[in-house]
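Participant: Sharing a sequence plus its predicted fold:
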Amino acid sequence: MANERKTENIVREHFNRYKEQLIIEEQSSDVPKIDKLLRLASKKGNGKGFPEFIIRFKNNPDLIIVIECKADFLKHESENRDRYSEYAVDGVLLYASYLAKEFDVLAIAVSGESLNQLKVSHFLQLKSDNKPTQKFGVQLLPANDYLEGYIKSPEKFRQDYEKLLTFSKELNEKLHGYKILESDRSLLISCILIALENTAFIKTYKDYSRAEDLARYLVDTVEMEFKNSNIQDKKLSIVKARFEFIKTDTSLSTVDGVLKEIITDINDNINSFVRTHRYFDVLGQLYVEFLRYANSDKGLGIVLTPPHITEFMAELAEVNRSSVVYDNCTGTGGFLVSAMNLMIKDAKDDLDLIKNIKQHQLIGVEYQAHIFALACSNMFIHQDGKSSILNGSCFDKTIIEQVKAYKPTVGLLNPPYKADKKNDVEELEFIVNNLECLEQGGRCVAIVPMSSALAQKGKILQLKKKLLDNHTLEAVLSMPDELFFNSNVGVISCIMVFTAKRPHPSNKKTFFGYFKDDGFEKRKMKGRIDIKGKWKSIKDSWIEAYVNRQDIAGSSVNQAVRAEDEWCAEAYMETDYTVLTKKDFIKSVKEFVYFKELFTYETKEN
């Protein structure tokens with residue numbers, strides 16, 4: 001006869017090995033909030049639920065592990081997961097659905113009476129999420145593996161990122177109330193984040209009662225941190241000059257308590273995110289938020305690339321531990337941070353290689369001094385890389401020679417978008433410049449306005465010819481229409497992929513992707529976010545189509561093109577009529593009728 005106690009003993013013995021880290025309870029909990037949530041979680045639908053085990057981490061009270069056991073491994077999971085009292089998975093997911101109203105929950109279903117026949121399933125359901133995600137494989141794991149897997153999971157990242165966005169809006173309003181300029185806000189945050197790397201500063205900043213003294217201490221600490229990292233004197237003077245406003249800003253340096261409050265907020269809400277989710281362009285995201293409603297940088301064409309796209313582009317470029325990555329329009333350093341992330345993962349804990357990556361394999365050029373200071377700060381926060389960021393014009397011959405000395409193999413960029421059609425530098429000129437600096441055979445991936453791909457005359461056509469005369473156009477990918485919604489910019493963009501210094505063969509087919517749906521949705525107060533966790537699977541499908549040069553109706557096509565042609569999937573792609581619905585037809589008819597009425601009205605008016 002099946003004996004569920006045997007299954008429980010296996011689980012109990014496993015988790016008892018980690019009792020120093022865990023609080024293990026059975027059937028019920030001494031925590032009132034947990035006990036209250038389980039009162040209606042009966043597997044039979046008529047009262048309180050009694051899971052086999054309720055486990056908490058002593059140093060992370062936000063996460064609860066709930067475990068349901070069954071002796072018979074055939075009773076592990078039902079087809080519809082709705083037979084709660086009979087099956088382990090069904091029951092534990094029921095408990096998780098109640099507990100997730102207040103906690104992040106790792107639900108574990110265990111069935112079988114011996115280790116040889118044991119079946120284990122894991123599900124992560126974060127607070128307020130409607131659906132659990134299966135993960136962690138089919139074996140019981142050490143407690144640390146569960147904690148690390150939870151902290152670094154995509155689900156936890158989305159949750160923390162949403163909290164970061166919410167906090168950034170609150171912080172922006174607070175800084176606005178203190179009358180701190182939009183252009184200075186990201187510099188202030190970066191300065192604080194760097195100071196918080198200093199152990200002495202963290203311990204003592206609250207002891208400074210006078211605002212003037214704390215402001216001076218903050219800036220001096222950051223200067224010392226940069227000096228200790230052996231940053232060049234010229235770069236140090238630029239960075240230092242950009243932070244000096246903190247010493248003289250009225251709110252920060254004369255109103256006692258203001259700066260101290262901001263530092264504490266940053267430490268609690270942003271510094272913890274940076275430490276948990278390394279190699280993410282936090283400063284770039286804050287910069288977007290702080291300047292969203294400001295006009296100061298609109299004329300400069302600054303459009304910051306969303307982090308999921310910088311990651312995607314780095315993967316398109318096949319960035320690895322041997323890559324030398326160059327961004328000639330560095331901005332806050334988002335591309336370099338994403339590239340660094342891939343390179344360090346590929347380095348597989350080789351400390352010497354990681355050190356070389358950070359110091360010598362990430363090169364950037366940024367023209368504006370205050371953005372340059374942000375880029376240096378961003379790379380510093382990610383433990384180096386700032387020594388290879390140059391302040392100046394990427395078209396300057398001296399800078400070009402300096403960059404070429406690094407022998408870059410990968411180019412990643414989002415050039416400034418034109419504001420003045422007559423005088424501004426064309427976006428494609430930045431691609432030409434980047435390719436000039438790459439080694440032969442290097443890969444350049446750039447995101448530019450779709451107008452650059454569609455042009456069939458004038459200066460842009462000449463630049464397209466120049467590109468094909470000297471380099472190979474591997475791919476052009478049409479991006480979502482509202483990709484830059486969070487930057488309050490409506491430009492429609494595409495990603496271009498080139499192989500450097502190999503002229504485009506006349507019969508070469510270029511891959512064109514119609515990648516318009518990245519799974520992101522607009523949410524009030526949060527902007528455009530991956531609310532349903534679709535991005536990873538979508539990204540993987542895009543990369544698969546690109547790598548294998550797949551012709552997919554309605555999604556991608558391979559086509560030989562010349563400079564005079566339109567470089568976009570829409571011009572060559574077959575329509576997949578199988579996915580069209582009656583709803584699509586009705587929508588198109590309505591749009592046509594609306595257009596016709598509007599055209600008739602405007603004609604009469606004129």
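Facilitator: Structure's in. What do you need?
Participant: need the contact list for Y208.
Facilitator: Contacts of Y208 were listed using C-beta atoms under 8 Å, 6 or more residues apart in numbering, and they are L214, Y217, K260. C-beta here means a position set from N, CA and C on the backbone, and glycine is covered the same way.
Participant: Repeat the analysis, applying 10 Å as the threshold.
Facilitator: Residues counted as contacts of Y208 (C-beta atoms under 10 Å, 6 or more residues apart in numbering) are L214, A215, R216, Y217, L218, D256, L259, K260, I263.
Participant: again, but for I151
Facilitator: When contacts are taken as C-beta under 10 Å, 6+ apart, I151 is in contact with N60, L63, F157, D160, T276, H277.
Participant: mind listing the helices for the stretch 451-600 of the chain?
Facilitator: Listed in chain order, the helices of the stretch 451-600 of the chain (DSSP state H, counting those that start in this stretch) span residues 458-470, 535-547, 582-605.
Participant: mean pLDDT for these: which is lowest?
Facilitator: If these are sorted by mean pLDDT, helix 582-605 sits at the bottom with a mean of 59.
Participant: Tell me the gap between the longest strand belonging to the chain and the middle of its chain.
Facilitator: Selection of the longest strand in the chain by residue count, based on DSSP state E, yields strand 60-70. If you compare the mean C-alpha spot of strand 60-70 with that of the full chain, they lie 28 Å apart, counting by C-alpha atoms, centre = their mean, to the nearest Å.
Participant: mind listing what that strand pairs with, with the direction of each?
Facilitator: Looking at strand 60-70 with DSSP bridges, its paired strands and their directions are strand 53-57 (antiparallel), strand 104-111 (parallel).
Participant: which helices and strands sit right next to the helix or strand just after it?
Facilitator: Beyond strand 60-70 in the direction of the C-terminus, DSSP states H and E gives the next helix or strand as helix 88-99. Packing contacts for helix 88-99, counted by 3 or more C-beta pairs under 10 Å, 6 or more residues apart in numbering; DSSP states H and E, involve helix 32-38, strand 60-70, strand 104-111, strand 119-125.
Participant: mind redoing it with 6 Å?
Facilitator: Where contact means 3 or more C-beta pairs under 6 Å, 6 or more residues apart in numbering; DSSP states H and E, helix 88-99 is packed against strand 60-70, strand 104-111.
Participant: Buried ones in the first one, by neighbour count?
Facilitator: Within strand 60-70, the residues that count as buried by 16 or more other C-beta atoms under 10 Å are L63, I64, I65, V66, I67, E68, C69, K70.
Participant: what's next to it, contact-wise?
Facilitator: Around strand 60-70, the neighbours that count as contacts under C-beta atoms under 6 Å, 6 or more residues apart in numbering are 4, 7-8, 11, 51-57, 88, 91-92, 95, 99, 103-111, 150.
Participant: again, only using 7 Å
Facilitator: When contacts are defined by C-beta atoms under 7 Å, 6 or more residues apart in numbering, strand 60-70 is touched by residues 4, 7-8, 11, 34, 51-57, 76, 87-88, 91-92, 95-96, 99, 103-111, 146-147, 150.
Participant: Quick check: which ranges of the stretch 401-550 of the chain have low pLDDT?
Facilitator: The stretch 401-550 of the chain contains residues with pLDDT under 70 at 419-422, 488, 525.
Participant: How about the stretch 151-300 of the chain?
Facilitator: Flagging of the stretch 151-300 of the chain using pLDDT under 70 yields the residue ranges 279-281, 288-289, 291-300.
Participant: How many neighbouring residues does the nearest residue to L428 once chain neighbours are set aside have?
Facilitator: On the basis of C-beta to C-beta, 6 or more residues apart in numbering, the spatially nearest residue to L428 that is not a chain neighbour turns out to be L463, at 4.0 Å. Burial of L463 is recorded as 19 neighbouring residues (other C-beta atoms under 10 Å).
Participant: Could you check how far L463 is from V425?
Facilitator: Distance, L463 to V425, by C-beta to C-beta, to the nearest Å: 11 Å.
Participant: Same question for S272.
Facilitator: S272 sits 40 Å away from V425, taking C-beta to C-beta as the criterion.
Participant: swap in E225?
Facilitator: Noted for E225: a distance of 35 Å to V425, by C-beta to C-beta.
Participant: just the buried residues of strand 60-70 now: which is nearest E570?
Facilitator: L63 (46.2 Å; C-beta to C-beta).
Participant: Tell me who's in contact with K501.
Facilitator: Contacts for K501 were tallied using C-beta under 7 Å, 6+ apart; they are Q440, N470, H471.
Participant: most surrounded residue in these?
Facilitator: H471 (23 neighbours).
Participant: Torsion angles phi and psi at it?
Facilitator: H471 has phi and psi values of phi -140, psi 160 when expressed as degrees, to the nearest 10.
Participant: wait, doesn't it sit right on M496?
Facilitator: No. Using C-beta atoms under 7 Å, H471 makes no contact with M496, being 10.2 Å away.
Participant: on that earlier part again, compare the helices and strands packed on helix 88-99 and give me the one nearest L193.
Facilitator: For these, distance to L193 was read as C-beta to C-beta. The smallest value, 22.9 Å, belongs to strand 60-70.
Participant: Can you show me the CA trace of the closest one as CSV?
Facilitator: Extracted in CSV, the C-alpha atoms of strand 60-70 (Å, rounded to 0.1, in the frame of the first residue of the first chain):
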residue,chain,number,x,y,z
ASN,A,60,14.8,36.5,2.1
PRO,A,61,11.3,36.7,3.6
ASP,A,62,9.7,37.6,0.3
LEU,A,63,10.0,34.0,-1.0
ILE,A,64,8.0,31.0,0.2
ILE,A,65,8.5,27.4,-0.8
VAL,A,66,5.4,25.3,-0.6
ILE,A,67,5.5,21.5,-1.1
GLU,A,68,2.9,18.9,-1.8
CYS,A,69,3.7,15.2,-1.7
LYS,A,70,2.0,12.1,-3.1
